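attaching a predicted model along with its sequence, questions to come.
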There are 4 protein chains.
Amino acid sequence: MAHPGSASNPGWLTDIELAEARRRLPMLYVEALPVRTDGVGLVTEVGILLRATPLGEITRSLVSGRVRYGETVRDALFRHLENDLGPMAFPLLPPQPVPFTVAEYFPIPGVSPFFDDRQHAVSLAFVVPVTGTCEPRQDALEVTWMPPEEAASDSLAAEMEGGRGTLVRLALASVGALR
Amino acid sequence: MAHPGSASNPGWLTDIELAEARRRLPMLYVEALPVRTDGVGLVTEVGILLRATPLGEITRSLVSGRVRYGETVRDALFRHLENDLGPMAFPLLPPQPVPFTVAEYFPIPGVSPFFDDRQHAVSLAFVVPVTGTCEPRQDALEVTWMPPEEAASDSLAAEMEGGRGTLVRLALASVGALR
Amino acid sequence: MAHPGSASNPGWLTDIELAEARRRLPMLYVEALPVRTDGVGLVTEVGILLRATPLGEITRSLVSGRVRYGETVRDALFRHLENDLGPMAFPLLPPQPVPFTVAEYFPIPGVSPFFDDRQHAVSLAFVVPVTGTCEPRQDALEVTWMPPEEAASDSLAAEMEGGRGTLVRLALASVGALR
Amino acid sequence: MAHPGSASNPGWLTDIELAEARRRLPMLYVEALPVRTDGVGLVTEVGILLRATPLGEITRSLVSGRVRYGETVRDALFRHLENDLGPMAFPLLPPQPVPFTVAEYFPIPGVSPFFDDRQHAVSLAFVVPVTGTCEPRQDALEVTWMPPEEAASDSLAAEMEGGRGTLVRLALASVGALR
């Protein structure tokens, strides 16, 4: 892990520099919808995170985070899954490098289905089967497992920020689990 | 399993009926390239089957077989993986229902990259990570694990029938493991 | 076109033989959702067919049909698009051979989201941009163009047979046009 | 177009700022392989660019460029296609937002098949059918159309920089045009 000010890691950014970059460049993100599958790979349950925002609000979310300088997309995806689901969860990353969708978040609402007031972020989104036990650390409080039809509901979408309810539906569609 | 002549399974076909249908209708197949992956899902090795043809010739092949009447594509894929890799292999079927390619085998060479003198077969082809031990039964004699570059080589393609060397390359491309 | 009894086309089936095969083998189909796109490829409108069933009922549907013996999936797709949209429509078939989903229709409801009381059909489903004018012939009465959100609505799904409302939603999700 | 120092476009970067960002953050790119298709969408020819490097060397390349702050991936793709192929080329962007691969370029060789000594770039790569006439402007000198087998050859790969010969093969595989 990089330490603040570490001269050995040119990819490390101060908070100020990162804030500056966010106003100038699209930021690359990865997102993942954790799923439980049955013996032949069919999705049986979907894991939705309960997360506290910096302002203390509780929202529902996906596994999500930035790709760092020098890091592969695959390593970033694994790092954020481990951060958000804990060390006892075993994500089975797909061998394919292609996301199920590319979600484009803009700071201006309406440009796309996705919105992020902090930045222009382009997110490669994956469905990831997970075995083991999920014990979130960091700012994710809990993982709630639910059947696909509940994850696709309007009521769940209303609890998700930035259009991520749409992202969950696109994820479910990609695995044939949307009705 | 259906028994010959079983009145309870209308999908059961005599050899004569199947031979007849093969001259009239495209047959639906599934094929799979078994792979070993590392901790973040990158393909490290590819499993190629050594198979004896009805005439006693030895050829290299993929996991392959017909989809039966009433059977889901996913169940057919699992059944053929189990048949060809044995009961101690654990295939991790992808949650997505979409193949990496649709391989069309024609009885006339040159219509497509794929050829099958017995029939017109349309094959949904998947890359499937496998853990455990592969001990082929039935007509598959052995599974040989090899690095992606060897699986993509011209010499291996020359040992495969019906254009399946091309299918292996398309499979490797879909997981970013083709150079 | 094959003529009844034509000895030159072994793939030709009498109605009785086709009915028999339908009880024994999965039938291979192609389906297409025609779309209008803007200058950068975004889907702006979706074409839904109004079709009369053999019993005279009016239902909404997609472009759909069987793949014949000896015919490529691509040729079958083009043939059914031409049949259903008329000769003044110009479908732009995608260069990729991979469908957005594989829809499995079973004669028993509940096995999958898709149902067909006549047969077990496996359908490769594509989204196809179309330019020109659509003047359906054969049994398709009309093409209705509508915005994606209307095509994804519950009321439209209720007018579609065999779970094709779900298929329309999966199609829209594959092009990022589902909310 | 943004003008240097334009206060109205916060996404505008000086050369120094862009150079700085390139040492700190993964840059988001789009790339495209232009193709000619036949009436049913099969790829018949592939367009490879002849490009002069800043040092005056001639290399072969794909359509390629950065995604700007506030710009959609689709708009960036269209902008670079227009820049590299000229105003008389008509690219038919696919309705799907998903690339055929995600090519990760690192400044250190061997991390991935792709290399870029200037930066860590993550590139969403698309196959784009093009009609009309290609008259490159800017630094692309010429578009050479060739059959898929020539585009996949080792001799062509040797003339391409940064592993883009591999990218061409992955593109061809995605449209079933690699043998």
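Okay, I see it.

is chain B within reach of stretch A:47-61?
No: Stretch A:47-61 stays clear of chain B (C-beta under 8 Å from any C-beta of the partner chain), getting no nearer than 13.0 Å. Bear in mind the C-beta positions are built from the backbone N, C-alpha and C, glycine included.

tell me the mean pLDDT over that stretch?
Here the mean pLDDT over stretch A:47-61 is 88, rounded to a whole number.

who in chain A is up against chain B?
Neighbours of chain B within chain A, by C-beta under 8 Å from any C-beta: A:35, A:37, A:39-43, A:72, A:74-75, A:77-78, A:92-97, A:100, A:127, A:129, A:174-177.

now do 10 Å
In this structure, chain A approaches chain B at residues A:35-44, A:72-79, A:81, A:90-98, A:100, A:126-129, A:131, A:171-172, A:174-177, judged by C-beta under 10 Å from any C-beta of the partner chain.

so which of the residues you listed belong to strands?
Counting by DSSP state E, the part of the residues of chain A next to chain B found in strands is A:Val35, A:Arg36, A:Thr37, A:Val43, A:Thr44, A:Phe90, A:Pro91, A:Phe126, A:Val127, A:Val128, A:Pro129, A:Thr131.

just the buried ones from the residues you listed?
A residue is treated as buried here by neighbour count (16 or more other C-beta atoms under 10 Å in any protein chain shown); on that basis the buried members of these are A:Val35, A:Thr37, A:Val43, A:Pro91, A:Phe126, A:Val127, A:Val128, A:Pro129.

my guess is the fifth one contacts A:Phe100. True?
Translated: A:Phe126. Yes: in this structure, A:Phe126 is within contact of A:Phe100 by C-beta atoms under 10 Å, at 6.6 Å.

any shared contact partners between these two?
Contact with both A:Phe126 and A:Phe100 is made by residues A:Leu33, A:Pro94, A:Ala171, A:Ser174, according to C-beta atoms under 10 Å, 6 or more residues apart in numbering or on different chains.

pLDDT value on the closest residue to A:Ala125 other than its chain neighbours, please?
Nearest residue to A:Ala125, sequence neighbours excluded (C-beta to C-beta, 6 or more residues apart in numbering or on different chains): A:Glu31, at 4.5 Å. Predicted confidence (pLDDT) at A:Glu31: the value is 98.

how about the helix ranked longest in chain A: buried residues?
Selection of the longest helix in chain A by residue count, based on DSSP state H, yields helix A:73-85. For helix A:73-85, the neighbour count (16+ other C-beta under 10 Å) marks A:Val73, A:Arg74, A:Asp75, A:Ala76, A:Leu77, A:Phe78, A:Arg79, A:His80, A:Leu81, A:Asn83, A:Asp84, A:Leu85 as buried.

just the closest of the residues you listed to chain D, please.
Top of the list for closeness to chain D, among the buried residues of helix A:73-85 and by C-beta to the nearest C-beta, is A:Val73 at 6.1 Å.

contacting residues for the closest one?
When the contact criterion is C-beta under 10 Å, 6+ apart, the partners of A:Val73 are A:28-30, A:67, A:97, A:99, A:124, A:126, B:40, D:26, D:102, D:104, D:112, D:122.

can you check A:Glu104 too?
When the contact criterion is C-beta under 10 Å, 6+ apart, the partners of A:Glu104 are A:26, A:111-114, A:116, A:120-123, C:176, D:67, D:71-74, D:97.

if we use 8 Å, what do you get?
By C-beta atoms under 8 Å, 6 or more residues apart in numbering or on different chains, A:Glu104 lies in contact with A:Val111, A:Ser112, A:Phe114, A:His120, A:Ala121, A:Val122, A:Ser123, D:Thr72, D:Val73.

identify the bridge partners of it.
A:Val122 (DSSP bridges).

okay, it: pLDDT?
Among the per-residue scores, A:Glu104 shows a pLDDT of 98.

hang on, A:Leu81 packs against A:Pro87?
No: the pair A:Leu81 and A:Pro87 does not pass the contact test of C-beta atoms under 8 Å, sitting 10.7 Å apart.

how many residues are close by the closest residue to A:Met160 other than its chain neighbours?
Leaving aside its sequence neighbours, A:Met160 sits nearest to A:Arg60 (C-beta to C-beta, 6+ apart; 4.9 Å). The burial metric for A:Arg60, expressed as a neighbour count using other C-beta atoms under 10 Å in any protein chain shown, is 19.

again with A:Thr133
Residues near A:Thr133, counting by other C-beta under 10 Å: 12.

now the angle from the helix or strand hosting A:Tyr29 to helix A:73-85?
Counting by DSSP states H and E, the secondary-structure element that holds A:Tyr29 is strand A:27-37. Strand A:27-37 runs at 60 degrees relative to helix A:73-85, counting by axes from the mean of the first three to the mean of the last three C-alpha atoms, to 10 degrees.

flag every buried residue along strand A:27-37.
A:Met27, A:Leu28, A:Tyr29, A:Val30, A:Glu31, A:Ala32, A:Leu33, A:Pro34, A:Val35, A:Thr37.

ok, the residues you listed vs chain C, which is closest?
Proximity of the buried residues of strand A:27-37 to chain C (C-beta to the nearest C-beta) peaks at A:Leu33, which lies at 13.1 Å.

so what pairs up with the closest one in the strands?
Judged by DSSP bridges, the bridge partners of A:Leu33 are A:Val127.

was I right about it contacting A:Gly165?
No: counting by C-beta under 8 Å, A:Leu33 does not reach A:Gly165; the two are 11.7 Å apart.

show me what contacts the residue nearest to A:Met27 when sequence neighbours are not counted?
Distance criterion C-beta to C-beta, 6+ apart; nearest residue to A:Met27, sequence neighbours excluded, is A:Ala121 at 4.6 Å. The neighbours of A:Ala121, taking C-beta under 8 Å, 6+ apart as the test, are A:Pro26, A:Met27, A:Leu28, A:Tyr29, A:Glu104, A:Tyr105.

could these go into JSON lines alongside distance to C:Pro147?
Shown next, in JSON lines, are those (distance: C-beta to C-beta, whole Å):
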{"residue": "A:Pro26", "distance to C:Pro147": "28"}
{"residue": "A:Met27", "distance to C:Pro147": "31"}
{"residue": "A:Leu28", "distance to C:Pro147": "31"}
{"residue": "A:Tyr29", "distance to C:Pro147": "29"}
{"residue": "A:Glu104", "distance to C:Pro147": "20"}
{"residue": "A:Tyr105", "distance to C:Pro147": "23"}
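
could you measure A:Pro91 against A:Ile16, distance?
Distance of A:Pro91 to A:Ile16, computed by C-beta to C-beta, to the nearest Å: 33 Å.

which pLDDT value belongs to A:Asp139?
A:Asp139 is assigned 70 on the pLDDT scale.

if you could redo that for A:Asn9, that was the one I meant.
56.

which intervals of chain A have sub-threshold pLDDT?
Judged against pLDDT under 70, the low-scoring parts of chain A cover residues A:1-11, A:138.

who in it is up against chain D?
Within chain A, the positions adjacent to chain D are A:10-13, A:17, A:21, A:23-28, A:67-73, A:97-102, A:104, A:106, A:111-112, A:120, A:122, A:124 by C-beta under 8 Å from any C-beta.
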